[in-house]
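Undergrad: predicted model and sequence below, questions to follow.
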Amino acid sequence: MSKKNRGFFIWFAIWLLRIVVSLIISSVAVVIAYKWVAPPITFTMIERRMAATDSSPEFLYEWIPIEEVSPFVPLAVVASEDQLFPVHSGFDLKAIEKALESNKKTNRIRGASTISQQVAKNLFLWQGRSWVRKGLEVYFTVLIEFFWDKERILEMYINVAEMGDMTFGVGAVATRYLKKLPFKITRHESALIAAVLPNPLKYKIAQPSRYVLGRQKWVIRQMGLLGGPTYLDDVFGIQKAEPKKSPKSKSSKKEKSAP
């Protein structure tokens, strides 16, 4: 390699390193900021707005502090989406292993994303499946779990997840579909919200199908098996006086899979 080419290679490597370091610093700074600040918009929201048509509903997003949300909502989300949320560090390794085995046997792709991973994807990344996006999802999940507590992760999830067509977060759902304040959402309504989360464009809160109603009943059972709203008290640091059974002991009573 000539001196000229070697010099160009070194220059290019230095600038590439600077770009990578800048991106890492920027991403860490944003994650730290979101520990206290509500995001004005997310990558998923931008993507959905760009794909909107004239027939699409009006974009609706309203941040609601978790203290102003019915305790049934976060419980329903955990019961439906990620029952090990209070105890894992961002990844459910057993669920990932089962998903990989299942995907080998069938053409139907089975996911294993935790609530933390879904927050990372909704906040910072595009939708779709690729190894690049999955790698970035892991990176942001690690950052989120390191800098935020579990309450903040759950608060972020119930505020930025799409819960209906162009309807983001529990505040938007309460306004558009339930016609009530978020703290007045009932147990059954919370379970219905959680029931549509796997595919809020296909499953409807306003017109729930038989499948959605079946999932709603399953979520309600899981909420009871977990112990009701007090199950999340330790996660939120609300009650510390009475000892609780560990999540592992409760998990033995949980049903294995959703309908």
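TA: Happy to help now that I have it.
Undergrad: C-alpha from now on. contacts and neighbour counts both.
TA: Fine.
Undergrad: low-scoring stretches of the stretch 51-200 of the chain, by residue?
TA: Scanning the stretch 51-200 of the chain for pLDDT under 70 picks out the ranges 96-97, 99-112.
Undergrad: show me how the record splits this protein into domains.
TA: 1-33, 39-251 (automatic domain parsing).
Undergrad: distance from the chain centre to the last one, please.
TA: I take that to be domain 39-251. Put simply, domain 39-251 sits 5 Å off its chain's centre (Cα atoms, centre = their mean, to the nearest Å).
Undergrad: burial of Y177, as a residue count?
TA: Using other Cα atoms under 10 Å, Y177 is surrounded by 13 other residues.
Undergrad: does the nearest residue to it once chain neighbours are set aside sit in a helix, a strand or a coil?
TA: Closest residue to Y177 apart from its sequence neighbours, by Cα to Cα, 6 or more residues apart in numbering: A206 at 6.3 Å. Using DSSP: H, G, I helix; E, B strand; the rest coil, the structure places A206 in coil.
Undergrad: what distance do you get for A206 to E47?
TA: Between A206 and E47 the computed distance is 24 Å (Cα to Cα, to the nearest Å).
Undergrad: tell me the SS of D233?
TA: Using three-state DSSP as the criterion, the local structure at D233 reads helix.
Undergrad: now do the strands in the stretch 1-150 of the chain.
TA: With strands called from DSSP state E, counting those that start in this stretch, the stretch 1-150 of the chain shows them at 60-61.
Undergrad: who touches the residue lying closest to T42 once chain neighbours are set aside in this structure?
TA: Leaving out its chain neighbours, the residue that sits closest to T42 by Cα to Cα, 6+ apart is L123, at 4.7 Å. By Cα atoms under 8 Å, 6 or more residues apart in numbering, the contact set of L123 is 42-44, 160.
Undergrad: from G7, how far out is the residue nearest to Y177?
TA: Here the distance between A206 and G7 works out to 64 Å (Cα to Cα).
Undergrad: then T186?
TA: As judged by Cα to Cα, T186 and G7 stand 66 Å apart.
Undergrad: and I158, by the same measure?
TA: Noted for I158: a distance of 51 Å to G7, by Cα to Cα.
Undergrad: try K98
TA: According to Cα to Cα, K98 stands 50 Å off from G7.
Undergrad: again with P71
TA: Distance, P71 to G7, using Cα to Cα: 61 Å.
Undergrad: same deal with A195?
TA: Computed as Cα to Cα, the A195 to G7 distance reads 59 Å.
Undergrad: quick one: which of those two has more around it?
TA: Higher neighbour count among A195 and G7: A195, with 31 against 12, using other Cα under 10 Å.
Undergrad: what's in contact with stretch 141-152?
TA: For stretch 141-152, using Cα under 8 Å, 6+ apart, the contacting residues are 28, 31-32, 35, 86, 89-90, 116-117, 119-120, 153, 235-236.
Undergrad: show the end-to-end separation of it, please.
TA: 13 Å.
Undergrad: ok, now stretch 219-232?
TA: End-to-end span of stretch 219-232 (Cα to Cα): 16 Å.
Undergrad: which residues touch stretch 34-50?
TA: Stretch 34-50 is contacted by residues 59, 63, 121-127, 147-148, 152, 160, 166, 168 when judged by Cα under 8 Å, 6+ apart.
Undergrad: same thing but 6 Å
TA: When contacts are defined by Cα atoms under 6 Å, 6 or more residues apart in numbering, stretch 34-50 is touched by residues 122-125, 148.
Undergrad: grab the longest helix from this structure for me.
TA: Ranked by residue count, the top helix of the chain under DSSP state H comes out as helix 3-33.
Undergrad: that helix: how far from the chain's middle?
TA: The chain centroid and the centroid of helix 3-33 are separated by 30 Å under Cα atoms, centre = their mean.
Undergrad: for it, list every residue counted as buried.
TA: For helix 3-33, burial by neighbour count (16 or more other Cα atoms under 10 Å) applies to 27-28, 31-32.
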